[in-house]
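Participant: 3D, please:
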Amino acid sequence: MALELEGRIARKLNVQTGTSTRGAWSKQEFVFEYQEGNYPTQVCMNVWGEDKVRELDKYQVGDKVKVSFNLSSREYNGRWFTDVRAWRIEPAGQPQAPQVVPQTASPIPPAAPAPSIDDLPMDDGDMPF
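Facilitator: Reported below is the predicted structural model:
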């Protein structure tokens, strides 16, 4: 499930790096503050991967941003751990780009009104019947 919040970066923690069986990794946690009712709420989020750490580096403490993130929890030794992983960070208040809907067929022009008796051509009385 993807979620979005607008708020500000309250704190950035140090970048953590390491090596696993899958190779080198990097992670950075940051404290995100958003308004919930009358009181500000803080949540510790993280970004994984060198490209996401660089993306977070573009923002400073106090910057207003919109964060798209996923929530997940896992159990380890009888304790539950929740991960709040940000996958997109962008400046807050940015208008979204209009989404282009591809057209599969040419548009149908508006229907013309049905002709009335007054629209028929005048006949000189030469009727076929």
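Participant: what residues sit buried inside stretch 41-57?
Facilitator: Buried residues in stretch 41-57, counted by 16 or more other C-beta atoms under 10 Å: V43, M45, N46, V47, W48, K52, V53, E55, L56. Bear in mind the C-beta positions are built from the backbone N, C-alpha and C, glycine included.
Participant: list of residues touching it?
Facilitator: 10, 12, 15, 25-35, 67, 69, 83-87, 89 (C-beta atoms under 8 Å, 6 or more residues apart in numbering).
Participant: stretch 84-91 now?
Facilitator: 2, 30, 32, 43-48, 52, 55-56, 59, 63-72.
Participant: returning to that earlier point: buried ones among the contacts of stretch 41-57?
Facilitator: If you count burial by 16+ other C-beta under 10 Å, the buried members of the contacts of stretch 41-57 come out as 10, 26-30, 32-33, 67, 69, 84, 86, 89.
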